[in-house]
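K.L.:
just the structure for this:
(one chain, ligands or ions: 1)
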Amino acid sequence: MNKTKYIYILSQRYSGSTLLSFLLATHPAIATIGERRKFYNKSLRPDGKNVQTCSCGQPFLECPHWNEIKEAVLARLETAALDTNFTEFEFFKNKHWNRLGQYAAKQGFFSDKRQQLCNANEVLVEEILKQAQKSVFLDASKVLQQAHWLSKIPSFDFYVIWLVRDPRAQVSSALKYNKWSVQEAAQRWTTEMKKNEVALQKGKFNYLDLHYENLCKNPMQQMERILDFVGLDASLFSLDFRTREQHIMGNTMMRLGKDEKIVERKDWLKRLTPKQIKLVERTTHRYKNYHTASH
Ligand SMILES: [Zn+2]
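P.N.:
Below is the predicted model of the structure:
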């Protein structure tokens, strides 16, 4: 079977996954829509909650690129496949049932539903690649749970890029969008880090680790490293990702920033007090090797 190369960005929020998607999308073999898992809510069955804009500047529901994919996917899927949010691998609509369902599915139950969810995602990926006339799919969905389901799809040749940002910088960004204390934000970073680390160490995935700070400091070298890892021609990408039209879902500010360059964001040094920085360092001590942001 001819497998489709599938690159999955595993990362926490506010860790540079949108930047990485834009960079990788400059490669002529790679197609992406950003966070694939949001496609159902944003395009197929708009929940009206996040009326957002595509990186091309148009609202999602009006972007011709998105609508073409949407039509092609709807034409191929049975109505039953659209009952639940398949891009989030939703087994049941009810949140609690869904959690149980996902757990049970991992033990081998609900195999028909699981097959249906996997198939619907395969169809989506096929249609995105077909429309873009590319062969490699890039998914910036970030969360571990998604990687678990996707990696089991036999038609995908699955690669994980584990992107990690210095917790001091990540916590500072997270605090802008969440009402957490510094301690709480740092604790959350550590918890998610542990979860991802354990899953990767169990050897479930073929993965490459990448520090956000290294990507900013040496994008050329890091991009080549990533492309080598996934087996693509490492000479065929561009750092000039702003000049291309992209249709990507992700962090709004990053997505629409016109003057974005590859510069490590260091505003955490001003946003956090020295005492708060110390607190984050203590809470994330176990991952001291990730305290790599420049001062
Ligand atoms: Zn668009």
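
K.L.:
following element in sequence after the lengthiest helix in the chain, please.
P.N.:
Scanning the chain for the helix with the most residues, using DSSP state H, yields helix 111-132. Moving toward the C-terminus from helix 111-132, the next helix or strand (DSSP states H and E) is strand 136-142.

K.L.:
now do that next one: everything it contacts.
P.N.:
Counting by CB atoms under 8 Å, 6 or more residues apart in numbering, the neighbours of strand 136-142 from elsewhere in the structure are 4-13, 17-18, 20-21, 24-25, 27, 29-32, 34-38, 125, 128-129, 146-147, 150, 230, 232, 248, 250. In this view, the C-beta of every residue, glycine as well, is placed from N, C-alpha and C.

K.L.:
centre-most residue in the protein?
P.N.:
For the chain, the residue lying nearest the average C-alpha position, counting by CA atoms, centre = their mean, turns out to be Ala140 (2.2 Å).

K.L.:
measure that one to Gln131 for me?
P.N.:
In this structure, Ala140 and Gln131 are separated by 18 Å, where distance is defined by CB to CB, to the nearest Å.

K.L.:
kindly report the same for Ala293.
P.N.:
Ala293 sits 38 Å away from Gln131 when distances are taken as CB to CB.

K.L.:
and those two? Which one has more around it.
P.N.:
Ala293 (21 against 14; other CB atoms under 10 Å).

K.L.:
how about the residues of the protein near the ion?
P.N.:
When proximity is defined by CB under 5 Å from the ion, the chain lies next to the ion at Cys54, Cys56, Cys63, His65, His247.

K.L.:
by neighbour count, which of those residues wins?
P.N.:
Neighbour counts for those (other CB under 10 Å) peak at Cys54, which has 24 neighbours.

K.L.:
what residues does the nearest residue to it once chain neighbours are set aside make contact with?
P.N.:
Nearest residue to Cys54, sequence neighbours excluded (CB to CB, 6 or more residues apart in numbering): Cys63, at 4.3 Å. For Cys63, the contacting residues are Cys54, Cys56, His247, by CB under 8 Å, 6+ apart.

K.L.:
sitting in strands, which of the residues you listed do you find?
P.N.:
For those, membership in strands holds for none, with DSSP state E as the criterion.

K.L.:
got CSV for those residues, with pLDDT too?
P.N.:
Formatted as CSV, those follow (pLDDT from 0 to 100):
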residue, pLDDT
Cys54, 81
Cys56, 81
His247, 80
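
K.L.:
among the residues of the chain next to the ion, name the ones in helices.
P.N.:
Mapping the residues of the chain next to the ion onto helices (DSSP H) picks out His65.

K.L.:
closest to Asp267 among the residues of the chain next to the ion?
P.N.:
Within those, distances to Asp267 taken as CB to CB reach their minimum at Cys54, with 26.5 Å.

K.L.:
for that closest one, grab phi and psi.
P.N.:
Torsion angles at Cys54 (phi, psi; degrees, to the nearest 10) stand at phi -70, psi 160.

K.L.:
tell me who's in contact with it.
P.N.:
By CB under 8 Å, 6+ apart, the contact list for Cys54 reads Phe60, Cys63, His65, Trp66, His247, Ile248, Met249.
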